[in-house]
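Student: Here is my input, please return the structure:
(3 chains)
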Amino acid sequence: MYRTSNASAALPENAYPQQLLTGFAPRLIAWQREHGRHDLPWQNTRDPYRIWLSEIMLQQTQVSTVIPYYARFLERFPTVEALAAAPDDDVMALWAGLGYYSRARNLHRCAQVVAQTHGGKFPSTVEALAELPGIGRSTAAAIASFAFGARATILDGNVKRVLARVFGVEGFPGEKRVENAMWTLAESLVPGSTASDADVSAYTQGLMDLGATLCGRGKPDCARCPFADDCVAKTTGRQRELPAARPKKTVPTRRTWMLVLLDGDAVMLEKRPPSGIWGGLWSLPEAADEAALAERAQALGASRERAAAASPLAPLAHTFTHFKLDIEPRVVELQGEAALLEANETQTAWVPLGEIDAYGVPAPVRKLLDGLRGPLI
DNA sequence: GACGCGTGGGT
DNA sequence: TACCCAAGCGT
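Tutor: Below is the predicted model of the structure:
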């Protein structure tokens, strides 16, 4: 369904040397077998569940970051059925800190769909996989090729960088026109019907490995690259210009006041709405300024005096992809009068500081609360 | 088609 | 420091 035979006018397939096109897969496979990565935790298995779990976690996330999360998830949820049966909050708590939380919600929904409507078995085609929540075109191809030997191409950041350099693809890969051309090119490079399932896996892994190890953004190690002799970037000295950089955009700064409402060793958390920043996570009550924060503290049980005397903690700066957030934490301590007077739809919970791990809490909030455990209490 | 969506590592 | 952006997807 994704294969389009009409070559982009900007990037006709015959613009590339036929020898490079046909030789690409076998050379990459040979290189991967000799020099690629073979011992990552999600390799050496054809279990679609494990492969799927790793691929979702690896979306926009580096390998070293994923490894401990992957281990914890597998231990807690060894099967897709176990994951499907888990409460939302348990899934979010295990995902907390990994970012892009819609991935966790889609992961959970996907597990439920697979468990309930596919009999616990992941579908084996790219098309069927891509209909599941959180699985797009590239992730579907990764799962299908690793688990089922499907001849389908991924197109992630690694592949875009490799293709841009080796084939000299111009333009920013985030631009739709350029990305479409890269899909077409990538599809044309997939090994043919003579390739075994193991070849297909090595090919897909090789695309990732080449981009992640030799052909990184900073200083590509062209001396070890199997495509150095043919690489447009290498032969023209344009490694630094390809792929074209993302157009710069200035990120706005937002400021928020967070209420650290304590009663004994417990802090009050509230559950954020399912969409938007930190969707579905548990976080501190927020307000737009100092006065609004005091009002919230009162609404949640603090006296006027205590609310007005909220004590500041060190401001916390947090950087998102698309904006910066300056957090102004304010502490209000109750004395056994913990109450929830604020009448609204928000779920709230009093959580002992030592049990924060059981809740899905955003990374900067977690950092803030961890800092409270020693000194103040 | 452009934008919203986290966090940490690299330079 | 202040960028850049990583095994992308959903809307």
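
Student: A:Cys222: neighbour count?
Tutor: 17 (other CB atoms under 10 Å). Quick note: C-beta positions are derived from backbone N, CA and C, even for glycine.

Student: pLDDT at it, what is it?
Tutor: We have a pLDDT of 96 for A:Cys222.

Student: Kindly provide the distance from it to A:Glu131.
Tutor: 40 Å (CB to CB, to the nearest Å).

Student: cool, and A:Glu241?
Tutor: Noted for A:Glu241: a distance of 38 Å to A:Glu131, by CB to CB.

Student: again with A:Arg165
Tutor: According to CB to CB, A:Arg165 stands 33 Å off from A:Glu131.

Student: Then A:Arg238?
Tutor: Between A:Arg238 and A:Glu131 the distance is 39 Å, computed by CB to CB.

Student: And those two? Which one has more around it.
Tutor: Each of A:Arg238 and A:Glu131 has its neighbours counted (other CB under 10 Å); A:Arg238 has more, 14 against 11.

Student: Any residues of the stretch 101-250 of chain A in contact with DNA strand C? List them.
Tutor: Residues of the stretch 101-250 of chain A lying near DNA strand C by CB under 7 Å from any atom of the strand: A:102, A:106, A:133-140, A:142, A:156-158, A:161, A:208, A:211-212, A:217, A:245-246, A:248.

Student: what's the burial count for A:Gly149?
Tutor: So A:Gly149, with other CB under 10 Å, has 16 neighbours.

Student: Ignoring the adjacent residues along the chain, who's closest to it?
Tutor: A:Asp197 (3.1 Å; CB to CB, 6 or more residues apart in numbering).

Student: Assess the claim that that neighbour and A:Arg151 are in contact.
Tutor: No - with contact defined as CB atoms under 8 Å, A:Asp197 and A:Arg151 do not form a contacting pair (9.9 Å).

Student: In terms of packing, which of the two has more residues around it?
Tutor: For the pair A:Asp197 and A:Arg151, the greater number of neighbours falls to A:Arg151 (20 against 15), based on other CB under 10 Å.

Student: Next one: the closest residue to that one other than its chain neighbours from DNA strand B, what distance?
Tutor: Leaving aside its sequence neighbours, A:Arg151 sits nearest to A:Val190 (CB to CB, 6+ apart; 5.1 Å). Here the criterion is CB to the nearest atom of the strand, to the nearest Å. By it, A:Val190 lies 23 Å from DNA strand B.

Student: wait, what's in contact with A:Val190?
Tutor: A:Val190 makes contacts with A:Ala25, A:Arg151, A:Ala152, A:Thr153, A:Tyr203, as judged by CB atoms under 8 Å, 6 or more residues apart in numbering.

Student: Can you select the buried ones among those residues for me in PyMOL?
Tutor: In PyMOL, a selection of the buried entries from the contacts of A:Val190 looks like this (16 or more other CB atoms under 10 Å):
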select buried, chain A and resi 25+151+152+153+203
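
Student: Turn the contacts of A:Val190 into JSON lines, columns for secondary structure, pLDDT and distance to A:Lys121.
Tutor: Converted to JSON lines, the contacts of A:Val190 look like this (DSSP: H, G, I helix; E, B strand; the rest coil; pLDDT from 0 to 100; distance: CB to CB, whole Å):
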{"residue": "A:Ala25", "secondary structure": "helix", "pLDDT": "98", "distance to A:Lys121": "29"}
{"residue": "A:Arg151", "secondary structure": "coil", "pLDDT": "97", "distance to A:Lys121": "21"}
{"residue": "A:Ala152", "secondary structure": "coil", "pLDDT": "97", "distance to A:Lys121": "19"}
{"residue": "A:Thr153", "secondary structure": "coil", "pLDDT": "98", "distance to A:Lys121": "24"}
{"residue": "A:Tyr203", "secondary structure": "helix", "pLDDT": "98", "distance to A:Lys121": "25"}
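
Student: Redo the contacts of A:Val190 as JSON lines? Include distance to A:Pro252.
Tutor: Shown next, in JSON lines, are the contacts of A:Val190 (distance: CB to CB, whole Å):
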{"residue": "A:Ala25", "distance to A:Pro252": "44"}
{"residue": "A:Arg151", "distance to A:Pro252": "44"}
{"residue": "A:Ala152", "distance to A:Pro252": "39"}
{"residue": "A:Thr153", "distance to A:Pro252": "36"}
{"residue": "A:Tyr203", "distance to A:Pro252": "42"}
